[in-house]
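Student: I'd like to go over a predicted model; first the sequence, then the structure.
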Amino acid sequence: RVLARALEDTTLTEGQRDAVRVGLTGTSRFVGVQGYAGTGKTFMVESLRRYAEKAGYELIGLAPSGRAVEALKEAIPAAQTMQSWLMQIRQGGDPGGEGRGRKILVVDEAGMIAATEMRDLLSHAHRSGFARVILVGDVKQLDAVSAGQPFAQLQRAGMPTALMTDIQRQRDEAGREAVLHAIRGEVKAAMARIGEVAETGNRAEIAAHVADRWLALDAKSRAETGIAVLTNAARQSVNEVIRTTLKLEGHLGAEDRSLLALKPAGLTRAAAGDARSYSTGDILLPLSTSRQHGVEKGDLYVVLQTDLRANTVTVEDVRQGRALTLPLRQDAKLAASLVLYVPEERNFAMGERVRFTIADKDRNIVNGTRGVIQAIGDDSITVSVSGRDPVMLPLASVTARGLDHSYASTVHDFQGSTVNRIIVGLSSVEQLATQKSFYVAISRMREEALLVTDDAAALAKRIEANTGDRPTALESWLKAERERLEKQKAEAPSPPEKASPPNWTERQRDVEGQKAGLDQDRSDRAADYAKLFSLPIERTDAEVAQTLKAFEERQKQKTIEGPIR
């Protein structure tokens with residue numbers, strides 16, 4: 001009650017107040033905050049931290065990507081990546097320190113966390129006695145690259161969850177309407193309300209058009225405008241066009257410095273334990289030391305050959321020149337610690353906008369940190385990073401070899417960020433063009449979004465037909481089992497007909513009449529549910545508000561009742 005009264009005197013929205021209440025009251029160890037993009041989740045977490053600290057609790061922030069960590073640091077300065085936290089756990093460590101009964105874990109972008117990672121995190125939190133774990137995210141946005149949708153599953157299982165629907169990021173009504181339509185999968189309506197849709201008529205010209213529209217801006221506008229595409233190939237194409245023009249304009253140094261960079265392969269834990277995932281010339285970076293197998297944390301190893309039958313990988317230590325054979329099948333812990341990179345040549349120049357793709361704990365660099373190249377020497381490179389001293393790195397270091405150009409980003413990498421303007425490049429035939437990726441892309445903007453595509457109508461049709469939801473393993477099994485039983489039933493021989501008893505026709509008529517009544521009753525109830533929860537493309541703002549209000553009231557009731565036992 002004290003917290004409720006204190007929250008009433010704040011500028012927090014109703015959804016933000018509900019989130020703080022759910023986060024700091026009740027008895028459940030695990031709670032959630034389901035918040036649409038731009039509803040002020042970071043500001044909510046900042047308020048939650050202040051109230052928690054007044055009550056004697058400390059907040060620890062975690063997020064699945066470097067970009068999300070940077071955003072979370074606005075509310076929890078000591079935030080870190082989920083990967084670094086889980087790596088400590090898997091290496092036998094016990095992160096969190098003393099007094100965990102007075103500590104709360106806040107996990108941002110929880111929808112991007114895979115099932116195995118969520119399991120490891122929640123299990124550790126339970127065993128270690130953390131006071132609470134607050135999962136903050138949006139099931140409508142992009143999921144983890146690896147398997148599973150644990151955040152959505154936890155909500156469906158009855159985890160107490162606050163709902164934040166008051167969109168504030170967009171500064172005009174048209175922008176907010178575009179995002180709301182995107183949430184509901186109404187792509188044509190969303191396209192009609194974003195700033196501009198530009199059609200190139202040719203898929204091959206999308207990258208160049210995206211780059212040209214960004215280059216047409218002045219220096220200040222360029223800094224406030226993000227570029228989002230779906231694939232790394234598209235990202236590299238846009239970056240190359242931009243780099244060429246910036247050189248001509250004199251904004252980049254005239255001479256390029258070539259670097260044998262490391263491109264993350266992004267293996268799942270299962271793939272990392274399979275020798276088929278590795279090719280000769282690939283680079284391995286262990287995240288932990290294994291004295292048994294002779295690998296050292298932070299050293300680089302070149303793949304020499306693989307043995308698919310034994311499931312082993314033979315590598316050479318770059319620093320010492322030793323050959324080692326790594327048994328992936330026999331040592332799952334070793335396999336899980338290996339990060340695979342593919343070497344590729346990249347050119348950099350003075351004034352280049354770059355991002356780090358390999359974390360460096362010693363230099364306080366997380367994956368996704370962005371900066372500008374200040375100097376390139378024969379043996380070193382210096383990168384200026386906002387809010388801190390410049391970082392000087394040996395060119396041969398793992399961290400330097402993880403540098404990449406950062407003019408354009410993938411939509412997946414952009415999730416969790418905000419910019420004044422966003423330029424989005426989407427092909428009408430791209431498999432990754434889904435309701436989730438479209439929603440994430442256009443919701444990054446405060447002021448306006450520009451969509452560049454080859455065919456807007458075809459793109460809208462593709463996105464509306466593809467939600468982006470991936471079935472869980474259990475859902476896939478249930479579907480296959482249903483199909484098997486239906487097939488088995490269809491192939492079974494029909495039973496012999498039995499003679500009808502006396503007055504059979506009249507009795508059958510009565511039974512069919514009763515069944516018709518039950519079917520009509522079910523249809524009426526289904527219509528009521530459909531009316532409450534369905535989201536047709538054409539509807540008034542009042543109807544939209546009423547639907548969201550009904551959903552929000554239902555969510556609040558679930559929050560009060562807690563998990564269903």
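Tutor: Thanks, I have the structure now.

Student: grab the most central residue of this protein for me.
Tutor: Central residue of the chain (Cα atoms, centre = their mean): residue 112, 3.6 Å from the mean position.

Student: ok, that residue - contacts?
Tutor: By Cβ atoms under 8 Å, 6 or more residues apart in numbering, the contact list for residue 112 reads 64, 65, 68, 137, 141, 142, 143, 144, 415. Yep, even glycine has a C-beta here, placed from its N, CA and C like the rest.

Student: change it to 6 Å
Tutor: 64, 144 (Cβ atoms under 6 Å, 6 or more residues apart in numbering).

Student: chain center to stretch 433-452, what's the gap?
Tutor: 14 Å (Cα atoms, centre = their mean, to the nearest Å).

Student: ends of that stretch, what's the gap?
Tutor: The first residue of stretch 433-452 is 13 Å away from its last residue (Cα to Cα, to the nearest Å).

Student: show me the beta-bridge partners of residue 198.
Tutor: residue 452 (DSSP bridges).

Student: how much space separates it from residue 438?
Tutor: Look at residue 198 and residue 438: by Cβ to Cβ, to the nearest Å, they are 16 Å apart.

Student: so those two - more neighbours on which side?
Tutor: Ranked by neighbour count (other Cβ atoms under 10 Å), residue 198 and residue 438 place residue 438 first, with 27 against 15.

Student: report how many residues lie close to residue 287.
Tutor: Around residue 287 there are 16 residues (other Cβ under 10 Å).

Student: does residue 148 touch residue 115 like I think?
Tutor: Yes. Assessed by Cβ atoms under 6 Å, residue 148 is found in contact with residue 115 at 2.5 Å.

Student: ok, the residue nearest to residue 199 when sequence neighbours are not counted - how many residues close by?
Tutor: Nearest residue to residue 199, sequence neighbours excluded (Cβ to Cβ, 6 or more residues apart in numbering): residue 456, at 5.6 Å. Residue 456: 18 surrounding residues under other Cβ under 10 Å.

Student: next secondary structure after the helix or strand where residue 122 lies?
Tutor: Element membership for residue 122 (DSSP states H and E) is helix 115-128. Toward the C-terminus, helix 115-128 is succeeded by strand 132-137 as the next helix or strand (DSSP H and E).

Student: that next one - contacts with which helices or strands?
Tutor: If you count contacts as 3 or more Cβ pairs under 6 Å, 6 or more residues apart in numbering; DSSP states H and E, strand 132-137 packs onto strand 30-35, strand 103-107.

Student: now do the same contact list for residue 164.
Tutor: 15, 19, 35, 39.

Student: same check on residue 87?
Tutor: residue 287.

Student: one more pass at 8 Å, please.
Tutor: Residue 87 touches 287, 288, 337, counting by Cβ under 8 Å, 6+ apart.

Student: in the stretch 151-300 of the chain, which spans are strands?
Tutor: 161-164, 196-199, 225-229, 257-264, 283-286 (DSSP state E, counting those that start in this stretch).

Student: the first one: partners in the sheet, and parallel or antiparallel?
Tutor: Taking DSSP bridges as the criterion, strand 161-164 sits next to strand 30-35 (parallel) in its sheet.

Student: could I have the CA atoms of the strand it pairs with written out in PDB?
Tutor: Taking Å, rounded to 0.1, in the frame of the first residue of the first chain, the C-alpha atoms of strand 30-35 are listed here in PDB:
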ATOM      1  CA  PHE A  30      10.100 -14.900 -10.900                       C
ATOM      2  CA  VAL A  31       7.900 -12.100 -12.400                       C
ATOM      3  CA  GLY A  32       7.600 -10.500 -15.800                       C
ATOM      4  CA  VAL A  33       7.000  -7.200 -17.500                       C
ATOM      5  CA  GLN A  34       5.500  -7.500 -21.000                       C
ATOM      6  CA  GLY A  35       6.100  -4.100 -22.600                       C
END
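
Student: got the buried residues for the biggest strand by length in the chain?
Tutor: Looking across the chain with DSSP state E, the single longest strand is strand 338-348. Buried residues in strand 338-348, counting neighbours by 16 or more other Cβ atoms under 10 Å, are found at 338, 339, 340, 341, 346, 348.

Student: so after that strand, what's the next helix or strand?
Tutor: strand 353-356.

Student: that next one - what's its average pLDDT?
Tutor: For strand 353-356, the mean per-residue pLDDT is 95.

Student: in its sheet, what does that strand sit against?
Tutor: Partners of strand 353-356, by DSSP bridges, with direction: strand 370-376 (antiparallel), strand 403-405 (antiparallel).

Student: and the contacts of the first one?
Tutor: When contacts are defined by Cβ under 8 Å, 6+ apart, strand 370-376 is touched by residues 253, 257, 348-356, 381-386, 390-391, 406.
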